[in-house]
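In: Build the 3D model from these lines:
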Amino acid sequence: MKSKDCVRIAVLDLNEGVPNEGMRGIRELIAEFTADTHLNIVCTVFDVRLKDEVPGPNYDIYISSGGPGNPLESEGTLWEQKYFTLMDALHEHNATYPHKKKHVLLICHSFQLYCRYYGYAKVSKRKSTSFGVMPVHKTDEGINEPLFQPLSDPFWAVDSRDYQITEPDIEKINKRGGAVLGIEKFRPHIDLERAVMAIRFDDAFVGTQFHPEADAPGIRMYLLREDKKALVIEKHGEKKYQDMLEHLDDPDKIMATHQAIVPQFLATGLQAHLITLAS
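Out: Model prediction:
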């Protein structure tokens, strides 16, 4: 592949300068993907919330990160206006060039913003913070989702949020060709709406409430912090906390998720780019 034909990946950093393991995970997965493919892949990170940095629609693959704060409060800010100008441009590009689509992965905070802005679901504050290694239950559509196919049902993922996605507009999602892929958990004896954990909006846009980029070393560091330890024990108990630590050593738990979703997303986006080059 010639240098002019390099694969360009844009990482939209929505962490607002807060130190986190998510960006490290994203960068490392892209580096591993680059090494595995032996292609000329260029990754550029944009500081969306602190510096109002937003790329144009000329990248091939986009990953938009999680981040802190209230996804309901940024409406009208400059960075959000620029962010959704980009999303609108990508929608338009994909509609105009259906065989040359740009692929977008929306993680946690980005997923919440996207659902709120385009009206795909209700975004609200949880009764309490959700943090730890949690099961994600596949829907019928999720069972057939290529990004999830290597994973068990339920599969395990890192959850870290104060807000949630509920009451998805199924008709609107289906009309675009999408589907809800995963839900929080089955709670038949609790009268609460089950939170949505993943939505495929169309064949190029997909979002997850959980953190598919999270790996065992990163989440172990978080779980060993006294504040996070206290949070998990307060909500789930000491045994659940110890179980979470044990899950980190299980290759079928979060490492399976880490090794499946983002790499497969990148592979799908790369395939779309190669088709574009060949056409």
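In: Could I get the full set of helices for this protein?
Out: 22-37, 48-51, 78-96, 109-118, 140-143, 170-175, 216-223, 226-236, 238-247, 254-278 (DSSP state H).
In: Give the burial count for the nearest residue to F111 once chain neighbours are set aside, as a bare number.
Out: By the measure of C-beta to C-beta, 6 or more residues apart in numbering, the closest residue to F111 outside its immediate chain neighbours is G207, 3.7 Å from it. For the C-beta atoms, the positions are set from N, CA and C on the backbone; glycine is no exception. Neighbourhood size, G207 [other C-beta atoms under 10 Å]: 26.
In: Okay, strands next: where are they in the stretch 51-200 of the chain?
Out: 61-64, 103-107, 122-138, 155-166, 179-183, 196-200 (DSSP state E, counting those that start in this stretch).
In: Select, out of these, the one closest to R225.
Out: Ranking the strands of the stretch 51-200 of the chain by proximity to R225 (C-beta to C-beta) places strand 122-138 first, at 10.5 Å.
In: Identify each buried residue in that closest one, please.
Out: Buried residues in strand 122-138, defined by neighbour count with 16 or more other C-beta atoms under 10 Å: 123-124, 129-136, 138.
In: Could you measure from the residue lying closest to K228 once chain neighbours are set aside over to V232?
Out: Take K228 and drop its neighbours on the chain: the residue closest to it by C-beta to C-beta, 6+ apart is Y222, 5.1 Å away. Counting by C-beta to C-beta, to the nearest Å, the gap from Y222 to V232 is 10 Å.
In: Among these two, which residue is more densely surrounded?
Out: V232 (22 against 18).
In: How many neighbouring residues does the nearest residue to that one once chain neighbours are set aside have?
Out: Nearest residue to V232, sequence neighbours excluded (C-beta to C-beta, 6+ apart): Y241, at 4.7 Å. Y241: 20 surrounding residues under other C-beta under 10 Å.
In: Y241 touches A230, doesn't it?
Out: No - counting by C-beta atoms under 8 Å, Y241 sits too far from A230 to count as a contact (9.5 Å).
In: got any ranges where this structure has weak pLDDT?
Out: 1-4, 186-192, 278-279 (pLDDT under 70).
In: centroid residue for it?
Out: What sits nearest the mean C-alpha location of the chain, by C-alpha atoms, centre = their mean, is I107, with 2.4 Å.
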